[in-house]
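Asker: Okay, here's the prediction I keep looking at, along with the sequence it came from:
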Amino acid sequence: MIIHKLGIIKYQQAYLKMQQIHNRAIEDGCNHLICCSHLPIFTIGKDDNNSWDVDVYRSDRGGSITAHSLGQSVFYFCFQVSNPILFYRKVLYSFDKFFDELLPQVRYDKTKPGYYIDNRKIASLGFRYSNGVSMHGVALNVDVDLDFHSKVNPCGLKDIIPTSLANEGVVLSIDEANSRVINSIQRVFDGI
């Protein structure tokens, strides 16, 4: 697995970088993981046709509205995918292991894809696949501005509010969170 640490980057720039790395993954047959954080922005998936009270940037990923900001770790997977269901299960297992170590009450909800503690959403997922390689990924709220994230219901879901690791009592820096998530992804995908 090749890891690309982009640091803080505007969503639009990261999207272009992801497209470049996706093309590279098609050519080299390797798995590429992009790790970054975005300046504040709301993005929506290609299937979302709602009108929002905030400015949004339309993306080609799946899913509805997602808030991105500083204090959030975003993991874009440009991975070789022959079986999308198996790939998605491995992504989920990677994050299950991460949460089990730090915040075991977090659960994945397949009816409204994401990670939650009761009605509080802590991580969002959205993928698409092209030429046998995945795109987009997972946004994990490490220590975000919850006022900004609360401007919309996560993924447009009624009665769902955003939360973060810090808000739930788990204090990690972005670098520490990234290191733990990357380690979990490597262990699951490399079969360690």
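Answerer: Done, it's in.

Asker: Please name the strands paired to the least confident helix or strand in the chain by mean pLDDT in the sheet, noting orientation.
Answerer: Least confident helix or strand, the chain: strand 56-58 with a mean of 77, by mean pLDDT, DSSP states H and E. Paired neighbours of strand 56-58 in the sheet (DSSP bridges): strand 41-44 (parallel).

Asker: Residues touching the strand it pairs with, excluding its own?
Answerer: 10-11, 50, 52, 54-59, 61, 64-69, 151-152 (CB atoms under 8 Å, 6 or more residues apart in numbering). Glycine gets a C-beta too; all of them are placed from N, C-alpha and C.

Asker: let's see it at 10 Å
Answerer: With CB atoms under 10 Å, 6 or more residues apart in numbering as the test, strand 41-44 has contacts from 10-12, 15, 50, 52-59, 61, 63-69, 124, 126, 136, 139, 148-149, 151-152, 155-156.

Asker: what's next to the least confident helix or strand of the chain, contact-wise?
Answerer: Under CB under 10 Å, 6+ apart, the answer for strand 56-58 is 10-12, 15, 41-46, 48, 50, 65-66, 68, 152.

Asker: In PyMOL, how would I select just the buried ones from the contacts of strand 41-44?
Answerer: Here is the PyMOL command that picks out the buried ones among those, judged by 16 or more other CB atoms under 10 Å:
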select buried, resi 11+15+56+59+61+63+64+65+66+67+68+69+124+126+136+139+148+149+152+155+156
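
Asker: residues contacting V91?
Answerer: 75, 77, 79, 125, 127, 134, 137-138, 185, 188-189.

Asker: where does it land on pLDDT?
Answerer: Looking at V91, its pLDDT stands at 97.

Asker: doesn't it fall inside a strand?
Answerer: No - going by DSSP: H, G, I helix; E, B strand; the rest coil, the assignment for V91 is helix, not a strand.

Asker: can you tell me how far it sits from S69?
Answerer: 22 Å (CB to CB, to the nearest Å).

Asker: for S179, same thing?
Answerer: Taking CB to CB, one finds S179 at 20 Å from S69.

Asker: any low-confidence regions in this protein?
Answerer: For the chain, applying pLDDT under 70 flags the ranges 46-53, 62, 153-157, 192.
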